[in-house]
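[1] what follows is a predicted protein model with its sequence.
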Amino acid sequence: MKNCIRLLPIIFIMILICGSEVRECNGYMKPTHEILNETIVTKGYGYSLNYYLVTNLSISSGITQEFKKDGMSKRVVKWVGNGGMNEDEPNLVRNMHHFHDPLVEYWPNAGFKGVGISSAIWAQSLTQNRLTGTGSYSWHDAREYFHNALTASDENIRNENFADCFRGLGQQMHLVQDASVPSHTRDDFHRYYHYEHYVNDNNGLVLGIISNPSNIPVVDPAIFRIPDYQYTPSPTANLIDNNLYNGNNPEITIGMNAGLAEYANANFLSEDTIFLDYTFPSMSTSVVPVDNYIPDPRNPGNSVYRMYYYKTGDGDSDYPVAAINYFKNYHIRYVPWLDVDKIAYCYDGTLDRVCYEAYARRLLPRAVAYSSELLRYFFRGDIDAVNAKEVKDASSEVTGMTMKVKNATANEGMAGGGLVVSCRYKQADATEYTYTKSAEAAIS
């Protein structure tokens, strides 16, 4: 009951902000997350999950292998894609924890309005199901499902755990992708038509951007340094926030070792934070008014004039960061002597489809790169086994096996770790068995 009471104030706040338009309360909308996840699994972008499954786990069908859970049989690529959608279900329950403001130093307060759980912490929470009753799909849960899938002796249990593992990874990728949405990093619960709507309505543009591997940047492996926060012991939190941006050094966010939330916060605007609440993007130091002619939304065959603020520095640059609203536009062009700043409600800027497309062309490639890197990091483990020998008793019956193992994972040791050997084999009658045993000696 305490958990329900804890959630009620959060839900109430979100309903007040979102009103009846509850669909507004997501990051990228569910179909977008499904597209991103399935494209990442299929294309790989420098990392092939299919190759890993086939060669390291002997899953012969790779990403098209089906695993069954709760009566539903889905391919690996679909489990990951569905995980991208499931992280938003049900609305106002899990997705209230999809915000992270990288400029809030104390991460327990970095979530939505200091009430929701920071997405970086939520991704590693051991109490997701206890808090929401919607299942456990944290980073640690996905690792546990993976371990169970590899070591369980019952085939049904193995299949269920593989399904949960891939679904959980899809949900983890969703959280990383949401860190590329400016409103989710600038504590802004957006309303009405906004950036995520534009992306959802233009799937062709999305696929055009992410289907070309040359558009996808490469994340610096150094991002997986030991995290600074006790709340997020896994370095995967650094994909969201690597504690490099302090609000005064936006240039550091363009490097591929900065957290995705840091890049989105410093270089883009959200609907209710246009040159408000945050120092950057800065109207005084990093944007200039530029004339532009854009397709007339009412008559695509014609063009209409509009002015934009183009971003010229302080991090990423050379794109329209905001449109100058029509009244301000008119003032600049025709009545520059009028002091419109003294007129109430004369806002400096707005966001339109031209801005959203420019945002998407920069944010979507990073969303793909960072969430793809999470997938690679999860399956990074590589162990070499050599000199495998059978152990036989006096009657030549095989009673066990010995081998030498080496951790071949790049730049990582296993001090204090251990080894679990699991093998499956068939008897003469075709009955399949799984044998699992922990190593007798610790690995160094």
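    That came in fine, so what should we check first? Bear in mind the structure is a predicted one, so any value in this text is a computation, not a measurement.
[2] center of this protein - which residue?
    By C-alpha atoms, centre = their mean, the mean C-alpha position of the chain lies nearest to Val176, the distance being 1.7 Å.
[3] what's the helix or strand for that one?
    Assigning secondary structure by DSSP states H and E places Val176 in helix 155-178.
[4] return the distance of that helix from the chain's centre.
    Relative to the mean C-alpha coordinate of its chain, helix 155-178 is positioned 14 Å out (C-alpha atoms, centre = their mean, to the nearest Å).
[5] other SSEs contacting it?
    helix 30-43, strand 66-69, helix 76-86, helix 119-122, helix 139-151, helix 353-378 (3 or more C-beta pairs under 8 Å, 6 or more residues apart in numbering; DSSP states H and E). Every residue, glycine included, has its C-beta placed from N, CA and C.
[6] flag every buried residue along the strand ranked longest in the chain.
    Longest strand in the chain by number of residues (criterion: DSSP state E): strand 299-311. Under the neighbour-count criterion of 16 or more other C-beta atoms under 10 Å, strand 299-311 has Arg306, Met307, Tyr308, Tyr309, Tyr310, Lys311 buried.
[7] who's in contact with the closest residue in space to the fourth one that isn't next to it in sequence?
    Spelled out, it's Tyr309. Excluding the flanking residues, the one nearest Tyr309 by C-beta to C-beta, 6 or more residues apart in numbering is Val287, at 4.1 Å. Shown in contact with Val287 (C-beta atoms under 8 Å, 6 or more residues apart in numbering): Pro281, Tyr309, Tyr310, Lys311, Thr312, Val321, Ala322.
[8] okay, and the beta partners of the second one?
    Okay, so that is Tyr309. Bridge pairing for Tyr309 (DSSP bridges) gives the partners Pro289, Ala322.
[9] the strands in the stretch 301-444 of the chain, which residues?
    All strands of the stretch 301-444 of the chain, identified by DSSP state E, counting those that start in this stretch, fall at 319-323, 383-392, 398-407, 420-426, 432-438.
[10] the third one to strand 383-392, inter-axis angle?
    Compare the direction of strand 398-407 with that of strand 383-392 by axes from the mean of the first three to the mean of the last three C-alpha atoms, to 10 degrees and you get 160 degrees.
[11] quick one: strand 398-407 to chain centroid distance?
    For strand 398-407, the distance to the chain centre is 38 Å (C-alpha atoms, centre = their mean).
[12] where along the stretch 151-300 of the chain do the helices fall?
    With DSSP state H, counting those that start in this stretch as the criterion, the stretch 151-300 of the chain has helices at 155-178, 182-185, 195-201, 203-210, 260-267.
[13] residues making contact with the shortest one?
    Put plainly, it is helix 182-185. 27, 98-102, 119, 178-179, 188-190, 194-195, 261-262, 264-265, 268-273, 359, 363.
[14] ok, back up a step: the longest strand of the chain packs against which elements?
    Partner elements for strand 299-311 (3+ C-beta pairs under 8 Å, 6+ apart): strand 287-296, strand 319-323, helix 326-334, helix 353-378.
[15] how near is Asp220 to Met256?
    5 Å (C-beta to C-beta, to the nearest Å).
[16] neighbour count: these two, which is higher?
    Met256 (17 against 13; other C-beta atoms under 10 Å).
[17] which ones are touching the more buried one?
    Counting by C-beta under 8 Å, 6+ apart, Met256 has contacts Pro217, Val218, Val219, Asp220, Ile223, Ala369.
[18] quick check: the two most widely separated of those residues?
    The span of these, defined through C-beta to C-beta, is set by Pro217 and Ile223 at 12.2 Å.
[19] the two: which has the busier surroundings?
    Ile223 (21 against 14).
[20] wait, what's in contact with that one?
    Counted by C-beta under 8 Å, 6+ apart, Ile223 has contacts Pro235, Asn238, Leu239, Asn242, Met256, Asn257, Gly259, Glu373.
[21] looking at the residues you listed, which is nearest Leu53?
    Nearest member of the contacts of Ile223 to Leu53, counting by C-beta to C-beta, is Glu373, at 17.9 Å.
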